[in-house]
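K.L.:
Below is the sequence, then the predicted model.
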Amino acid sequence: MSTWKAPRDYQEEERRRARQLRRRRVRRNRAILGVCCLVVIVFACVQLSGLLKGDGPDAAQSGASSSSASSSASSSAASSSAASSTVSSMPEEESTPAAVVDTGDWRLILVNNNVPLPDGYEVETQVADDNTGKELQAEAAEAYRKMDAAAAAEGVDLMLCSGYRSVDYQTQLFEAEKQENLDKGCSEQEAYDLAKTVVAVPGRSEHNSGLAADIVTPSHQVLDSDFENTDAFAWLSQHAAEYGFILRYPKDKQAITGIIYEPWHYRYVGPENAAAIAQSGLCLEEVHGYAEQAGQ
Ligand SMILES: [Zn+2]
């Protein structure tokens, strides 16, 4: 019987020692873990206080680029920032949030169905395309000639098929269209409303400003959406902004501009403005703070 006890006590002793060792190990591990946690917390606090101070070029840059990336998505935020904006030089490292332009710049004048040309608007024009004889406002004409030459140097043929139209000429176009409708038996109001869908109301066409250019190419002279499949359109999409022209009625802005997608209709705004607007992804109405057109 006694031969049984000794090994049992021995085993019990062994187990106790093992338990003690385990407990000690657990305590030690807990202590190490605690110290580690403390180090992590202190490190995090230091990092956080550094971030809150907002120093360091990386923080500034990532902030700027993320805001520009989200600017096209949140047009309301973008347009509100555009309202209190100033002229920007071409941004390089620090990207411009939204369209940072001076909306008081005469080249950014807004003309549409709801916003007529200001009374007494005067414009000095020049022939911009010798082949078609079409004119643009003087500065826009010069920019167009440079753009035309640059495209030609790369084997792309641009053709200005419509530029400046005087309000008088616009009136003739409009009255002719309206008369056609009257001849078809429309009432005065119907004839007017129908004409409006085809020809802009005099004084409310961007072409009256001298800053709008309908650009096509000899192989595709029709003003339709198929123009977007031409080399000329591809070239313009890449380079028009460098010469100060923006695509005025983009496909995804029809609800805001109130005008169908017109891949041929470009608007001169000046190179700095064109760069800022192109980067912002806004249309001209949004640049001026209009979220939506009444769509007349
Ligand atoms: Zn046009």
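P.N.:
The structure has been received and is ready for your questions. Residues are numbered from 1 along each chain as shown.

K.L.:
Okay, and the beta partners of the residue of the stretch 101-250 of the chain found nearest the ion?
P.N.:
Closest contact between the stretch 101-250 of the chain and the ion, by CB to the ion, is at D214 (4.1 Å). All C-beta atoms are positioned from the backbone trio N, CA, C, and that covers glycine. Note on D214: beta-bridge partners by DSSP bridges are S162, H265.

K.L.:
G163 is in contact with that one, correct?
P.N.:
Yes: assessed by CB atoms under 8 Å, D214 is found in contact with G163 at 7.4 Å.

K.L.:
what's the overlap in contacts for those two?
P.N.:
Each of H207 lies in contact with both D214 and G163 under the rule CB atoms under 8 Å, 6 or more residues apart in numbering.

K.L.:
Neighbour count for these two, which is higher?
P.N.:
The neighbour comparison of D214 against G163 (other CB atoms under 10 Å) goes to G163, with 27 against 17.

K.L.:
how about the nearest residue to that one, chain neighbours excluded?
P.N.:
Excluding its sequence neighbours, the residue lying closest to G163 (CB to CB, 6 or more residues apart in numbering) is K134, at 4.0 Å.

K.L.:
What number of residues are in the vicinity of the one you found?
P.N.:
Neighbour count of K134, defined by other CB under 10 Å: 22.

K.L.:
gap between it and R145?
P.N.:
The gap separating K134 from R145 is 12 Å, by CB to CB, to the nearest Å.

K.L.:
between the two, what contacts are shared?
P.N.:
With CB under 8 Å, 6+ apart, K134 and R145 have common neighbours A128.

K.L.:
what residues does the chain put near the ion?
P.N.:
214, 265 (CB under 5 Å from the ion).

K.L.:
What segments of the chain are strands?
P.N.:
For the chain, the strands defined by DSSP state E occupy 125-127, 135-137, 159-162, 212-216, 245-247, 265-268.

K.L.:
Not counting sequence-adjacent ones, nearest residue to C186?
P.N.:
Residue nearest to C186 in three dimensions, not counting chain neighbours: L194, with 6.3 Å by CB to CB, 6+ apart.

K.L.:
Let me know the pLDDT of that neighbour.
P.N.:
Here, the pLDDT recorded for L194 equals 89.

K.L.:
That one contacts N181, correct?
P.N.:
Yes: using CB under 8 Å, L194 is in contact with N181, at 4.7 Å.

K.L.:
Tell me where the chain is predicted with low confidence.
P.N.:
Residue ranges of the chain with pLDDT under 70: 1-14, 26, 32-99, 292-296.

K.L.:
Could you chop it up by domain?
P.N.:
Per automatic domain parsing, the structural domains of the chain span 2-55, 59-165+205-287.
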